[in-house]
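> Here is a sequence with its predicted model. Questions after.
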Amino acid sequence: MPELPETETMARDLHREIAGRTIERVAVHRPDVLREVNAKELARRTRSVTILRAWRRAKLVVLDLSSADRIVVQPRFTGALLLDHGSLAEAERRFSTLEFALGDDLTLHYRDIRRLGTVTLMAPERWADYESALGVEPLDPSFSDSYLSALLRGSSQAVKKLLMDQRRVAGIGNIYANEALWRARIDPSRPARTLQPDETRALRAELQDVLAEAVSARGTSFRDYRDPTGERGGFASHLTVYGRGGEPCSRCGARLVETHAIDGRSTVLCAWCQR
């Protein structure tokens, strides 16, 4: 967390509010979130620079700058980009690691309670190298049945682990991998190469559907995820398996099984429905 739907929500909200604004001042309160740049250099390279665009790649929020640099934010578990018009709650401000003053009493904070996320300033060449290692976006037209089939055929890994590999498919994390596999009736532990063509088609369709639905609901909030206005995502009430281990399957009534056998992450499945 946050995954594709949450970072997509962040990026869309930020683009509406800050595209075209100029960074007037930078204050770094917790420099341990910075990567590949120190506080002094970040301030020097971003002050008086205009934010051209906010967008998402994988689980990242990217700010394109008029200097050609990019601010790349990876929120991980407790990170959030919050817009402050002067009324940000003190409980949120206390965990602000850095802030960009954008004029007209608007400040963009990167709040991170556990400081597990990162903020990186990348020159164009560095971004090109970094981005080239990321996989295809699952909501792009290029993520077709044939593309997914080729990925699956070439791997003996558990299908859930493959879906979460950012070098292969970008943006999918534990929540939506669990949900898509349940919807497609596929056991998360199955070797990827064993999936049949009809199962591959179902998985691609269900994965895209659940991601699109979660984006429409502005993501999933359990504890820390907030959109840039400080609001919670609304998709948690639509989850069918994630976080529901031990409860009845909504499709067949069997008890949902929770295991950590796949890559140490919590996997919830219906052993009756998913084969």
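Cool, the structure landed. From a predicted model like this one, the values you see are computed outputs, not experimental measurements.
> can we go C-alpha only for contacts and neighbour counts from here?
Will do.
> Quick check, pLDDT for the closest residue to Leu139 other than its chain neighbours.
Nearest residue to Leu139, sequence neighbours excluded (Cα to Cα, 6 or more residues apart in numbering): Gln208, at 6.0 Å. On pLDDT, Gln208 comes in at 98.
> on contacts alone, who are the packing partners of the helix or strand where Gln208 lies?
Assigned by DSSP states H and E, Gln208 falls within helix 197-216. The contact analysis (3 or more Cα pairs under 8 Å, 6 or more residues apart in numbering; DSSP states H and E) places helix 197-216 against helix 4-18, helix 145-153, helix 174-183.
> buried stuff in the longest one?
What it means is helix 4-18. 4-15, 18 (16 or more other Cα atoms under 10 Å).
> swap in stretch 72-89?
Quick answer for stretch 72-89 (16+ other Cα under 10 Å): 72-84.
> out of these, which are inside strands?
Members of the buried residues of stretch 72-89 lying in strands (criterion: DSSP state E): 72-74, 79-84.
> For Ser155, state which of the residues you listed is nearest.
Gln74 (27.3 Å; Cα to Cα).
> who's the closest one bridged to?
Applying DSSP bridges to Gln74 gives these bridge partners: Thr118.
> State the distance from it to Pro2.
9 Å (Cα to Cα, to the nearest Å).
> which residues do the two both contact?
Residues touching both Gln74 and Pro2 (Cα atoms under 8 Å, 6 or more residues apart in numbering): Lys59.
> ok, the closest residue to Glu206 other than its chain neighbours - contacts?
Of all residues not flanking Glu206 in the chain, Ala180 sits nearest, at 5.4 Å (Cα to Cα, 6+ apart). Counting by Cα under 8 Å, 6+ apart, Ala180 touches 203, 206-207, 210.
> can we see that at 10 Å?
Listed by Cα atoms under 10 Å, 6 or more residues apart in numbering, the contact partners of Ala180 are 160, 163, 186, 188, 202-211, 240-241.
> Other residues contacting whichever strand or helix holds Arg126?
Using DSSP H and E, Arg126 falls within helix 124-132. For helix 124-132, the surrounding residues in contact (Cα under 10 Å, 6+ apart) are 57-58, 64, 67-72, 120-122, 167.
> Over it, what's the mean pLDDT, rounded is fine.
The model assigns helix 124-132 a mean pLDDT of 98.
> Could you do stretch 265-275 as well?
pLDDT averaged over stretch 265-275 gives 96.
> Identify each buried residue in stretch 92-108, please.
Across stretch 92-108, burial judged by 16+ other Cα under 10 Å covers 92-93, 95-102, 106-108.
> of all these, which two lie farthest apart?
Counting by Cα to Cα, the most remote pair of these is Phe95 and Leu102, 19.4 Å apart.
> any chance of the ones in strands among the buried residues of stretch 72-89 in CSV, plus distance to Glu24 and pLDDT?
Below are these laid out as CSV (distance: Cα to Cα, whole Å; pLDDT from 0 to 100):
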residue, distance to Glu24, pLDDT
Val72, 19, 98
Val73, 19, 98
Gln74, 23, 98
Gly79, 23, 95
Ala80, 21, 95
Leu81, 17, 97
Leu82, 17, 97
Leu83, 15, 96
Asp84, 15, 96
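> And the worst-scoring helix or strand of the chain on mean pLDDT, what does it pack against?
Across the helices and strands of the chain, mean confidence by mean pLDDT, DSSP states H and E is lowest for helix 90-93: a mean of 86. On a contact count with 3 or more Cα pairs under 10 Å, 6 or more residues apart in numbering; DSSP states H and E, helix 90-93 meets strand 79-84, strand 107-112.
> Of all those, which one comes closest to Ser48?
strand 107-112 (14.3 Å).
> rewinding a little: ok now the helix holding Arg126, how far from the chain's centre?
Relative to its parent chain, helix 124-132 has a centroid offset of 19 Å by Cα atoms, centre = their mean, to the nearest Å.
> and if you look at stretch 165-177?
Counting by Cα atoms, centre = their mean, stretch 165-177 is centred 9 Å from the centre of its parent chain.
> what is the rounded mean pLDDT of that stretch?
pLDDT averaged over stretch 165-177 gives 97.
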